[in-house]
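Student: Sequence first, then the predicted structure, then my questions.
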Amino acid sequence: MKTLKQFSLSILALALVLVLQSGCKKDKDNNNNSNRNVKYELTGTFTGKFSIIITDNSSGSQTFDNVSIPWSKEISYPSNVIAVGIGTAITTEGGAGQTAFLKIYAGGNMVKSTNATSDANGALSLPTLGHNF
């Protein structure tokens, strides 16, 4: 089980790096300080647990294990950070037909979102999200 979790987290970290690299361009008009306050949010009805990885192009990754819904994390990024990303992997299955919603807010506005519904086995997979400043 631990090997599967490590493999899943490695794949998730790689996906986040690819998301960040694919969209690393500066937008001079959207680079004010309020937009650098980012909130990550995980909501829904899913009763399982998640491992969450948040990453940026400057300081690397933060991992949060055994996360239950609802969950949120707010981070203020310095000006040298031009892209951020978040990804999840389930560590404990929930029930069939349960939902999870993953969102990124910047400057108080939702900038990215995704969702998933668990399958008959209680497993789900949320796509990785990235945001450029």
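Tutor: Right, received. Where do you want to start?
Student: Going by C-alpha atoms from here, please, whenever you check contacts or count neighbours.
Tutor: Will do.
Student: Show me the strands in the protein, by range?
Tutor: 37-44, 49-56, 60-67, 71-76, 83-92, 99-106, 109-117, 129-132 (DSSP state E).
Student: ok, now which ones touch N121?
Tutor: N121 is in contact with E93, G95, A96, counting by Cα atoms under 8 Å, 6 or more residues apart in numbering.
Student: Local confidence estimate at it?
Tutor: As predicted, N121 sits at a pLDDT of 96.
Student: any idea how far it is from N115?
Tutor: N121 is 17 Å from N115, where distance means Cα to Cα, to the nearest Å.
Student: Return the helix or strand in this protein with minimum mean pLDDT.
Tutor: Every helix and strand in the chain was compared by mean pLDDT, DSSP states H and E; the lowest is helix 2-22, with a mean of 52.
Student: In the sheet, which residues pair with Y105? Tell me.
Tutor: K39, M110 (DSSP bridges).
Student: That one contacts K39, correct?
Tutor: Yes - using Cα atoms under 8 Å, Y105 makes contact with K39 at a distance of 5.0 Å.
Student: I'd assumed N37 was in contact with P78.
Tutor: No - using Cα under 8 Å, P78 is not in contact with N37; the gap is 9.3 Å.
Student: quick one: contacts for the spatially most central residue of the chain?
Tutor: Per Cα atoms, centre = their mean, the C-alpha nearest to the average position across the chain is that of I86, at 2.2 Å. Counting by Cα under 8 Å, 6+ apart, I86 touches L16, Y40, I52, I53, I54, T55, T128, L129, G130.
Student: rerun that using 6 Å as the cut-off
Tutor: I53, I54, T128, L129 (Cα atoms under 6 Å, 6 or more residues apart in numbering).
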